[in-house]
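Engineer: Need coordinates for the following:
(one chain, ligands or ions: 1)
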Amino acid sequence: MEADLPTSFWRTAYHAQQWSIMFPIARLRRLVSALSASDEAPAAEAAHALQERYATLLERDLANVEVGLYPRELLFQIPFGRYAWALPKLLSDLPSVIKRISARDHRDLPTEARPERYPAYYRRNFHWQTDGYLSRRSAEIYDVSVELLFAGTADVMRRQIIPPISRELAVRKTGTARLLDIGCGTGRSLAQIATAHPNLPLTGLDISPYYLHEARNVLDDVSDVSLIAENAENMPFRDGYFTIATSVFLFHELPRTVRRQVLAEAYRVLEPGGLLVIADSAQLAESGPLAFFLGRFARNFHEPFYREYVEDDLAEMLGECGFEIEAVEPHFVSKVVVARKP
Ligand SMILES: C[S@@+](CC[C@H](N)C(=O)[O-])C[C@H]1O[C@@H](n2cnc3c(N)ncnc32)[C@H](O)[C@@H]1O
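Structural biologist: This next block holds a predicted model:
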């Protein structure tokens, strides 16, 4: 039945879904900007570049399905029920976020989580979020917050790591491959990879046990997935254990030296010939026209390492760690870098 519907039907349904998320968010943002005199407007060329990137991302998402790089069901996999359940929690949390922003207090963490056990750079309220990454409550509202922040494109940008994985598995024996997602958070990327490649054994690593607890719910119906609560600077895996490593939206939250340490670890745990696929924020190296938006993100959210990250270059970092770069692709406000361990 599904297969009989013409491509134009799916394209229209997909655009309608994305528009119904993006349009109200864009209107709300415009209203907030109009009310807060401090938020300066982008130049026309910058706004145009952003719109063009948005349209290209959606087109790319559809094209990936049409050439068989991932299944169509991913286009319609936004968990609206789960987000509807989390949204009231997010809204009721807003007053404490506003209070924290006013006080510029980024050390407001739950003492029962024993923040002192975590690295200093991690002990903070990234994005001003309540409890930082150190509570179940934070993990429960994280996915819907990120999806709202990116106006319905967070999962779309995440799944741009799948095409290189699909191409890689097509030339290997899937049964012998293993994939590691570094900084997997609540498991949104792993869930999408599992839909595209149900037989691929998956491992997710994250330093937050609270986010991994949420990931267990998200990955409830995935049969072969292990979740490990550890620091990516020192991963508990033997050399060369994984065929593919991925990482999504992690590196912009790490200090410069830690970024390189995590990449060195990724290199160590990959087998020779193994593939690393990273999706993270755009950088000036390939996304100069978005400089206004990247700068605004650093100003409006508590992201202390972001400004320096934007001026750094993931591809260059990977080269320094010994990887060979196979592709650098801009995707809306993110980029995907594909690299191989020689
Ligand atoms: C911005 S979130 C991205 C999460 C997820 N990949 C996604 O796409 O939503 C960054 C994640 O990296 C984790 N993280 C930060 N530093 C880490 C470290 N040193 N080792 C392991 N995980 C880390 C955080 O706990 C958090 O879950």
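
Engineer: Run through the neighbouring helices and strands of the worst-scoring helix or strand of the chain on mean pLDDT.
Structural biologist: Comparing every helix and strand of the chain by mean pLDDT, DSSP states H and E singles out helix 291-300 as the least confident one, with a mean of 84. Contact analysis of helix 291-300 by 3 or more Cβ pairs under 8 Å, 6 or more residues apart in numbering; DSSP states H and E lists helix 44-66, helix 284-287, helix 306-311 as its packing neighbours. For the C-beta atoms, the positions are set from N, CA and C on the backbone; glycine is no exception.

Engineer: repeat that for 7 Å
Structural biologist: helix 44-66, helix 306-311 (3 or more Cβ pairs under 7 Å, 6 or more residues apart in numbering; DSSP states H and E).

Engineer: and those as a markdown table, adding mean neighbour count?
Structural biologist: Compiled in a markdown table, the helices and strands packed on helix 291-300 are given as follows (neighbours: other Cβ atoms under 10 Å):
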| stretch | mean neighbour count |
| --- | --- |
| helix 44-66 | 15 |
| helix 306-311 | 17 |
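
Engineer: Between the ones you listed, which one is closest to the ligand.
Structural biologist: helix 306-311 (10.8 Å; Cβ to the nearest ligand atom).

Engineer: give the contact list for the residue of the chain found nearest the ligand.
Structural biologist: At 2.6 Å from the ligand, Gly185 is the closest residue in the chain, using Cβ to the nearest ligand atom. Contacts for Gly185 were tallied using Cβ atoms under 7 Å, 6 or more residues apart in numbering; they are 142, 206, 211, 215.

Engineer: Tell me where the stretch 51-200 of the chain has helices.
Structural biologist: Taking DSSP state H, counting those that start in this stretch as the criterion, the stretch 51-200 of the chain carries its helices at 80-102, 136-149, 154-158, 162-171, 188-196.

Engineer: Of these, which is nearest Ile325?
Structural biologist: helix 162-171 (12.0 Å; Cβ to Cβ).

Engineer: got the angle for that closest one vs helix 188-196?
Structural biologist: Here helix 162-171 runs at an angle of 40 degrees relative to helix 188-196 (axes from the mean of the first three to the mean of the last three Cα atoms, to 10 degrees).

Engineer: what are the C-alpha coordinates of helix 162-171, in PDB please?
Structural biologist: Extracted C-alpha coordinates of helix 162-171, given in PDB (Å, rounded to 0.1, in the frame of the first residue of the first chain):
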ATOM      1  CA  ILE A 162      23.900   7.700   7.800                       C
ATOM      2  CA  PRO A 163      24.700   8.000   4.100                       C
ATOM      3  CA  PRO A 164      28.500   7.400   4.600                       C
ATOM      4  CA  ILE A 165      27.600   4.500   7.000                       C
ATOM      5  CA  SER A 166      25.300   3.000   4.400                       C
ATOM      6  CA  ARG A 167      27.900   3.200   1.700                       C
ATOM      7  CA  GLU A 168      30.500   1.700   4.000                       C
ATOM      8  CA  LEU A 169      28.400  -1.200   5.000                       C
ATOM      9  CA  ALA A 170      27.500  -1.900   1.300                       C
ATOM     10  CA  VAL A 171      31.100  -2.700   0.600                       C
END
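
Engineer: Which secondary structure elements does the lengthiest strand in the chain sit against?
Structural biologist: Once the chain is assigned using DSSP state E, the strand that runs over the most residues is strand 270-281. In this structure, strand 270-281 makes packing contacts with helix 162-171, strand 242-248, strand 334-340, judged by 3+ Cβ pairs under 7 Å, 6+ apart.
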